[in-house]
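Participant: heads up, no residue letters with this:
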């Protein structure tokens, strides 16, 4: 497969467009491609094109969209990953993995045991960073959709929002020993919902108060009897949910 | 939960035993525990004890096994992960993840596109390293069983062995575009088999010849339409199989 580039401006075959700066640099400096080389271009909203490089200047690359191509199929169930922000680079890895797995959106959340505040995330421009990670992952894994990374919100704000929507199945992933009415995955209907939100906690786990606050709104689901690493939980949960709902 | 230590010699409550050297160092140097501290000790074969430290000398720690404790439940399906050896530390990560997920055994394999030979793995004492990784992971995730890491074998040897056994369901994870008769996970019976072997390829994927050689023996299964990173494939496959077979 030819190298893939993200260009939100890609509209229709026949057009010639400029690649965004970061994509142009990737094409010239990392992959060392040049005029005439065949590439793929996707718009991040599900459209993909066979294209060829028509001009290359320093950090400015133009491509001609030759023809529309079938894009990789998206998942039937739109899963939003509501992930408690993890320490250091681990959140980057989770964003990368979640995009590769095929989530529809990523909602970073700040919980009691999250070791960073919403203000600090904003100051560090972390959301912009995660958006770049999401684009890079979509390029790698063959998706033509770049799922949005939403503004971080507090756990309480997320639960209030979930309580106010009917259309989404909210699932909170918990340790088997968590208080409240914990069910196994096989207690979920195998019929896929249209949309689901999977809540995954931080390194230190959820507090009892958080589980109690979520219980009236979310299904509390535990995956097996072992303790999973916080940075693997999202991958495991998405795979298990997709498997349950016939996506695989 | 108190810190957990692996002691293959742990037999029955009332005994006092020495911890293996590496475990003793972990107790004294990393966790800085001392005489009287309460710990957990497991034998790696499914038995776990509440214990207390009775003596500490340089790198020599003795513990008294106070009483047997219920061990974490093991999975109903015994999944062997047959993983093509990945580059650098990535294989360590896969071993760690597979133990955390609850596999019954790990079988490293050398395939056409594996960038290391069986001789080089032996010279580098890689299997011994993976065994240490497996113990560390079992300590972390709460398992009382340390799954064996078998001697690396070639892909051909594994396929011959699988062809000769009736009792194991062999599943080869492939890209959706792979040649041969690829099915989705939902084509597998939801009734859990007693044992299964999941074959996961290296960074460069399987060769056409390997897929053709495995096809008469293995179900060729693809998970969704996206390209998964080689070092995430095992985690995703195990989660999806456990979900399919009602383990979650």
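Facilitator: Good, I have the coordinates. Being a predicted model, the structure only gives us computed values, none of them experimental.
Participant: tell me the contacts of residue A:160?
Facilitator: Contact analysis of residue A:160 by CB atoms under 8 Å, 6 or more residues apart in numbering or on different chains lists nothing. From N, CA and C alone the C-beta is placed, and that goes for glycine too.
Participant: tell me the spacing between it and residue A:13.
Facilitator: To residue A:13, residue A:160 is 45 Å away according to CB to CB, to the nearest Å.
Participant: for stretch A:116-136, what is the average pLDDT?
Facilitator: Stretch A:116-136 carries an average pLDDT of 96.
Participant: isn't residue A:115 up against residue A:88?
Facilitator: No: using CB atoms under 8 Å, residue A:115 makes no contact with residue A:88, being 9.8 Å away.
Participant: and those two? Which one has more around it.
Facilitator: In this view residue A:115 and residue A:88 are compared by other CB atoms under 10 Å in any protein chain shown, and residue A:115 has more residues nearby, 14 against 9.
Participant: list the contacts of the more buried one.
Facilitator: Neighbour list for residue A:115: A:87, A:202 [criterion: CB under 8 Å, 6+ apart].
Participant: that one in helix, strand or coil?
Facilitator: Per DSSP: H, G, I helix; E, B strand; the rest coil, the local secondary structure of residue A:115 is coil.
Participant: how close does it sit to chain B?
Facilitator: 20 Å (CB to the nearest CB, to the nearest Å).
Participant: phi and psi next, for that residue.
Facilitator: The phi and psi values for residue A:115, taken as degrees, to the nearest 10, are phi -90, psi 30.
Participant: so the residue nearest to the spatial centre of chain A is in which element?
Facilitator: Geometric centre of chain A, nearest residue: residue A:99, 3.9 Å, by CA atoms, centre = their mean. Using DSSP states H and E, residue A:99 maps to helix A:90-101.
Participant: I'd like to know which elements that helix is packed against.
Facilitator: Contacts defined by 3 or more CB pairs under 8 Å, 6 or more residues apart in numbering or on different chains; DSSP states H and E place helix A:90-101 against strand A:78-84, strand A:105-110, helix A:126-141, helix A:230-244, helix B:230-244.
Participant: reformat those as CSV; add distance to residue B:136.
Facilitator: Shown next, in CSV, are the helices and strands packed on helix A:90-101 (distance: least, CB to CB, whole Å):
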stretch, distance to residue B:136
strand A:78-84, 25
strand A:105-110, 30
helix A:126-141, 28
helix A:230-244, 15
helix B:230-244, 17
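Participant: in this structure residue A:145 contacts residue A:46, no?
Facilitator: Yes: under the criterion of CB under 8 Å, residue A:145 makes contact with residue A:46 at 5.0 Å.
Participant: what's the overlap in contacts for the two?
Facilitator: Here residue A:145 and residue A:46 have A:71, A:74 as joint contacts, going by CB under 8 Å, 6+ apart.
Participant: with neighbour numbers in mind, choose between the two.
Facilitator: Using other CB under 10 Å, the more surrounded residue of residue A:145 and residue A:46 is residue A:145, with 21 against 14.
Participant: off-centre distance for stretch A:23-42?
Facilitator: Centroid separation between stretch A:23-42 and its chain, computed with CA atoms, centre = their mean, to the nearest Å, is 25 Å.
Participant: again, but for stretch A:145-161
Facilitator: 12 Å.
Participant: could you show which parts of chain A are in contact with chain B?
Facilitator: When proximity is defined as CB under 8 Å from any CB of the partner chain, chain A approaches chain B at A:72-73, A:75, A:97, A:100-102, A:140-143, A:184-186, A:223-229, A:232, A:235-236, A:239-244, A:246-248.
Participant: of those, buried ones?
Facilitator: A:72, A:75, A:97, A:100-102, A:140-143, A:185, A:223-229, A:232, A:235-236, A:239-244, A:247-248 (16 or more other CB atoms under 10 Å in any protein chain shown).
Participant: wait, what's in contact with residue A:183?
Facilitator: Applying CB under 8 Å, 6+ apart to residue A:183 gives the contacts A:219, A:220, A:221, A:222.
Participant: now, the residues you listed that are in strands?
Facilitator: A:219, A:220, A:221, A:222 (DSSP state E).
Participant: out of the residues you listed, which is most surrounded?
Facilitator: Result: residue A:221 is most packed of the ones in strands among the contacts of residue A:183 (other CB under 10 Å), 23 neighbours.
Participant: ok so, going back, the helix holding residue A:99 vs helix A:126-141, what angle?
Facilitator: Counting by axes from the mean of the first three to the mean of the last three CA atoms, to 10 degrees, helix A:90-101 lies at 40 degrees to helix A:126-141.
Participant: okay, the closest residue to residue A:129 other than its chain neighbours and chain B: tell me how far apart.
Facilitator: Nearest non-adjacent residue to residue A:129, counting by CB to CB, 6 or more residues apart in numbering or on different chains: residue A:92, 7.1 Å away. As for residue A:92, its distance to chain B is 14 Å (criterion: CB to the nearest CB).
Participant: can you pull the contacts of residue A:176?
Facilitator: For residue A:176, counting by CB under 8 Å, 6+ apart, the contacting residues are A:182, A:222, A:224, A:225.
Participant: domain parsing of chain A, as residue ranges.
Facilitator: Following automatic domain parsing, chain A resolves into domains at A:4-69, A:78-244.
Participant: switch the ones you listed over to CSV; also include distance to residue B:39.
Facilitator: Output for the domains of chain A, formatted as CSV (distance: least, CB to CB, whole Å):
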stretch, distance to residue B:39
domain A:4-69, 50
domain A:78-244, 17
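Participant: just name the most buried of those.
Facilitator: Sort the domains of chain A by mean neighbour count, taking mean count of other CB atoms under 10 Å in any protein chain shown, and domain A:78-244 sits at the top with a mean of 19.
Participant: distance from that domain to the middle of the chain?
Facilitator: Here domain A:78-244 is found 10 Å from its chain centre; the criterion is CA atoms, centre = their mean.
Participant: for that domain, measure first residue to last.
Facilitator: Domain A:78-244 has an end-to-end distance of 14 Å (CA to CA, to the nearest Å).
Participant: and if you look at stretch A:143-151?
Facilitator: When the termini of stretch A:143-151 are compared using CA to CA, they are 22 Å apart.
Participant: now do it, average pLDDT.
Facilitator: pLDDT averaged over stretch A:143-151 gives 97.
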